[in-house]
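A.B. asks: Structure of the sequence below:
(one chain, ligands or ions: 1)
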Amino acid sequence: MDIKKLLSEMTLKEKIGQLVQLGAKFFADGAGADETGPLAQMNVTEEEIACVGSTLNFMGADVMRGIQTKYLKTNRIPMLFMQDVLHGYRTIYPIPLGLGASFDTETVRECSAMAAKEAALGGVHVNFSPMVDLARDARWGRVMETTGEDPYLNSVMAKAMVEGFQGDMGRYNVAACTKHFAAYGAVEAGRDYNTVDVSRRTLNEFYLSAYKATVDAGVKMFMTAFTLFDGIPVTANKELICGILRGQWGFDGVIITDYNAVREMKTHGYVPDYKCAAQSALSAGIDVEMMSVTFIKYIEDLIKEGSVSEADIDRSVLRVLKLKDDLGLFENPFRSADADELERVALSEEHRSIACGAAERSAVLLKNDGLLPFSEDIKSVAVIGPHANTGEILGFWHCGGRFEDTVTVYDGIKKLVPNARVEYAEGCLAMLDSTDGGGIAEAVALAKRSEAVVLCLGEHWGDSGEGNSKLNLELPEIQYRLFEEVSKVNSNVAVLLFTGRPLAIGRLDKSARAILNMWFPGTEGGSAAANLLFGKVNPSGKLSMTFPACTGQCPIYYNHFNTSRPRPDDGRRYAYTSSYIDGPNRPLYPFGFGLSYTSFSISAVKLSVKAISFGRSLTASVTVKNTGYRGGHAVVQLYIRDKYASCVRPVKELKGFKKIYLNSGEEAAVEFTVCEDMLAFYHSDGKRAAEAGEFTVFIGEDSDTENCADFILTERL
Ligand code: BGC
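C.D. replies: Next comes the predicted model:
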């Protein structure tokens, strides 16, 4: 399609339509009758709606076809269909925080490709994913959408997601949309939509790299955040949008706002009215307004007044037309929408097996005193708890995933050990406010007559995700009671944890013999849990986010600065140190942590040289040995510390990792190249460069590792 020619033939009304997105409700048959609902609330007329160029939140190929067919009766440019497909469309794989914990980019790429295929068949053109906001505060419900707290891990995962979704943009791919630019994850106190106030240094140093990685991977679209940067809503933030995203990074794809964010600038206290809001968003470089219609209402006036130029509008329209063209919509406005094919592909054996493998690789073994794995010769198993026999383990944003298609833990175990007596009792509910212990007696009776108990605890899936911030990261009291009562009558209790965020489960850690964190594992969660519990698969996930010892530690993350008065880590109380008087600084489980059914030893770090000059690199190597009795994956993690610099540096920063499989007794050499770029950081003038001085290289199994060696980056001559 000659989109420039098309643009030159378009009326202003048509152009404006391309820059607005409304929910599918507005277009579905009969929506016109919904005058009292969304139409009235938004004060938008049928005529205005008729030219809107894109929609979101529709479900299914047939709905899409219906809307598109009707739309094309009065429009010559096909409509664009967008949807949030964060961790699967019909087949649901683990939540992104879990995928991060796989430390396995191939798994993430594969899951994203599978999700894209189902979504494309469901009529989706653009996926509002990856969500790459760095997250340090588990109180924030949206941590489940990210791959965690580390800039490097987030960047490699974000890249893998874009590659998986977009592929070569063939029929089974969708365009990806990176969100939420930028630093939405820094909402104060973990309260969703709250103020963000990060310095430029923090933004550069920690928050930006994952967004940038998606630009480098060729992402087609970006979504801005609801929040502020430097006192200005991102929706109108020229520094971020024009300066960094378009300017420094050269992104020329479509930029869309978040839901109703243009109008919300008035609530922020940034503009007096919606006309000003529209003008601010447009001048900052926003192309498309999501779920509000200020562009429709005011663009014509703004052009007439000269506060917005038609040339800028044209540029935005052209970007939207290019996206539609890249997707092939001008040739086939229905693109890949095919309900029958979707039925064949969704939940196919292949997709279920991808989802199962991903759930297995995402799970993190947090504690094990030798209880796990259970023997397959087990005679009887009690599967107990609010998550034991429910499909509600898909997690928030489970899109078209259905609970009834999900393998429950109970089903998974029954299938794996068909000769055992496997019984189930719910015990209590997962809801935050549930105090009903009515089911505990039945659960205790079941535990008493069983050889082992799989106790499925955690949060309700609806308690993490957007809008679900928490003040308290403990498990609900009723779940502790269930644990305690069941443990009194059975000494073989393994806890399976289901959660969308790190939880402060110190109490559980103290007395449980084994804890396996499944996150929200998706459609095949029950099969994955069974395979892990019975040792068919050896756990290999590592935490993508620190688990706090108590909620008051949040935000807590491993790559913090040292402070001038760090507290010794020996559990004693020290006056006038950076610490709490009523608890530890140490988290419950650090970033990168996760056990295995085998054990590994890592030799002392060997460096190829003790000093390098600028532009040179060195090799850091270790020998990793499987010292246990079964094969397993080790995630060998490389961290670097710059001991002193003109701006203080974090105590450790992840710079690389390798996931390797070793049979029992097997050993392998693992090497990392340490190059100048890994030593670089942002200086006060915003420039990124390494500084001469002393560095420490750590190689170990988690961010707590002290296995290290020092080297020097010599002064420039
Ligand atoms: C969320 C976005 C999402 C959008 C559309 C917003 O509330 O913040 O992440 O893509 O809704 O569903």
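
A.B. asks: quick one: contacts for the closest residue in space to Lys13 that isn't next to it in sequence?
C.D. replies: Among residues not flanking Lys13 along the chain, Cys51 sits closest, at 5.9 Å (Cβ to Cβ, 6 or more residues apart in numbering). In short, each C-beta sits where N, CA and C put it, glycine included. By Cβ atoms under 8 Å, 6 or more residues apart in numbering, Cys51 lies in contact with 13-14, 16-17, 75.

A.B. asks: So, low pLDDT: which residues of this structure?
C.D. replies: Along the chain, segments meeting pLDDT under 70 span 29-39.

A.B. asks: near the ligand, which residues of it?
C.D. replies: 56-57, 84, 128, 179, 258-259, 466 (Cβ under 6 Å from any ligand atom).

A.B. asks: Need those residues in CSV (columns: secondary structure and neighbour count).
C.D. replies: Formatted as CSV, these follow (DSSP: H, G, I helix; E, B strand; the rest coil; neighbours: other Cβ atoms under 10 Å):
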residue, secondary structure, neighbour count
Leu56, strand, 20
Asn57, coil, 15
Asp84, coil, 19
Phe128, coil, 25
Lys179, strand, 25
Asp258, coil, 22
Tyr259, coil, 19
Glu466, coil, 17
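
A.B. asks: hang on, the earlier thing: in CSV: the contacts of Cys51, plus neighbour count and secondary structure.
C.D. replies: Formatted as CSV, the contacts of Cys51 follow (neighbours: other Cβ atoms under 10 Å; DSSP: H, G, I helix; E, B strand; the rest coil):
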residue, neighbour count, secondary structure
Lys13, 14, helix
Glu14, 17, helix
Ile16, 26, helix
Gly17, 24, helix
Asn75, 17, coil
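
A.B. asks: how about these, which pair is most distant?
C.D. replies: Spatially, the most separated pair among the contacts of Cys51 is Ile16 and Asn75, at 12.8 Å (Cβ to Cβ).

A.B. asks: Tell me who's in contact with the residue of the stretch 201-350 of the chain found nearest the ligand.
C.D. replies: Here the stretch 201-350 of the chain gets closest to the ligand at one residue, Tyr259, 3.9 Å apart by Cβ to the nearest ligand atom. Shown in contact with Tyr259 (Cβ under 8 Å, 6+ apart): 226, 290-291.

A.B. asks: and if you look at Glu484?
C.D. replies: Ser511.

A.B. asks: any idea which helix or strand comes after the helix or strand harbouring it?
C.D. replies: Assigned by DSSP states H and E, Glu484 belongs to helix 477-489. Sequence order places strand 493-498 as the next helix or strand after helix 477-489, per DSSP H and E.

A.B. asks: Now do the next helix or strand after that next one: which elements does it pack against?
C.D. replies: Of the helices and strands lying after strand 493-498 in sequence (DSSP H and E), the nearest is helix 506-511. Secondary structure elements in contact with helix 506-511, counted by 3 or more Cβ pairs under 8 Å, 6 or more residues apart in numbering; DSSP states H and E, are helix 477-489.

A.B. asks: Any buried residues in the helix it packs on, and which?
C.D. replies: Using 16 or more other Cβ atoms under 10 Å as the test for burial, helix 477-489 gives 478-480, 482-483, 485-487, 489.

A.B. asks: residue ranges of the strands in the stretch 301-450 of the chain, please?
C.D. replies: Under the criterion DSSP state E, counting those that start in this stretch, strands of the stretch 301-450 of the chain are mapped to 364-368, 380-384, 421-425.

A.B. asks: export the ones you listed to a markdown table and tack on mean neighbour count?
C.D. replies: Formatted as a markdown table, those follow (neighbours: other Cβ atoms under 10 Å):
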| stretch | mean neighbour count |
| --- | --- |
| strand 364-368 | 22 |
| strand 380-384 | 28 |
| strand 421-425 | 20 |
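
A.B. asks: May I see those arranged in a markdown table, with distance to Ala281 as well?
C.D. replies: Formatted as a markdown table, the strands of the stretch 301-450 of the chain follow (distance: least, Cβ to Cβ, whole Å):
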| stretch | distance to Ala281 |
| --- | --- |
| strand 364-368 | 41 |
| strand 380-384 | 52 |
| strand 421-425 | 52 |
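
A.B. asks: Can you say which of the ones you listed is nearest to Val495?
C.D. replies: Smallest distance to Val495 across those (Cβ to Cβ): 8.4 Å, for strand 364-368.

A.B. asks: Check which helices and strands that closest one sits against.
C.D. replies: With contacts taken as 3+ Cβ pairs under 8 Å, 6+ apart, strand 364-368 sits against strand 514-517.

A.B. asks: can you pull the alpha-carbon coordinates of the helix or strand just after the strand it packs on into CSV?
C.D. replies: Where DSSP H and E defines the elements, the next helix or strand beyond strand 514-517 is helix 525-533. The C-alpha coordinates for helix 525-533 follow below in CSV (Å, rounded to 0.1, in the frame of the first residue of the first chain):
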residue,chain,number,x,y,z
GLY,A,525,0.6,-25.8,36.4
GLY,A,526,-0.7,-29.1,38.0
SER,A,527,1.3,-31.3,35.7
ALA,A,528,4.5,-29.2,36.3
ALA,A,529,3.9,-29.3,40.0
ALA,A,530,3.6,-33.1,40.0
ASN,A,531,6.7,-33.6,37.8
LEU,A,532,8.7,-31.4,40.2
LEU,A,533,7.3,-32.9,43.4
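
A.B. asks: Show me the contact partners of helix 525-533.
C.D. replies: 94, 356-357, 359-360, 363, 365, 372-374, 393-394, 406-413, 415-417, 454, 494, 496, 516, 518, 521, 536-539.

A.B. asks: quick one: it to strand 364-368, angle?
C.D. replies: Per axes from the mean of the first three to the mean of the last three Cα atoms, to 10 degrees, the angle that helix 525-533 makes with strand 364-368 is 40 degrees.

A.B. asks: now the contacts of helix 525-533: which count as buried?
C.D. replies: Buried by 16+ other Cβ under 10 Å: 94, 356-357, 359-360, 363, 365, 372-374, 393-394, 406-413, 416-417, 454, 494, 496, 516, 518, 521, 537-539, out of the contacts of helix 525-533.

A.B. asks: Spit out the contact partners of the residue of the stretch 1-150 of the chain at minimum distance from the ligand.
C.D. replies: Taking Cβ to the nearest ligand atom, the ligand has its nearest neighbour within the stretch 1-150 of the chain at Phe128, 3.7 Å off. Taking Cβ under 8 Å, 6+ apart, we find Phe128 in contact with 56, 82-86, 177, 179, 223.

A.B. asks: A strand includes Met82, no?
C.D. replies: Yes: applying DSSP: H, G, I helix; E, B strand; the rest coil, one finds Met82 inside a strand.

A.B. asks: Hmm, Gly122 and it touching each other?
C.D. replies: No: Met82 lies out of contact with Gly122 (Cβ atoms under 8 Å); the separation is 12.0 Å.

A.B. asks: More neighbours: which of the two?
C.D. replies: Gly122 (30 against 25; other Cβ atoms under 10 Å).

A.B. asks: In helices only, show me the contacts of Tyr259.
C.D. replies: Using DSSP state H, no member of these falls in helices.
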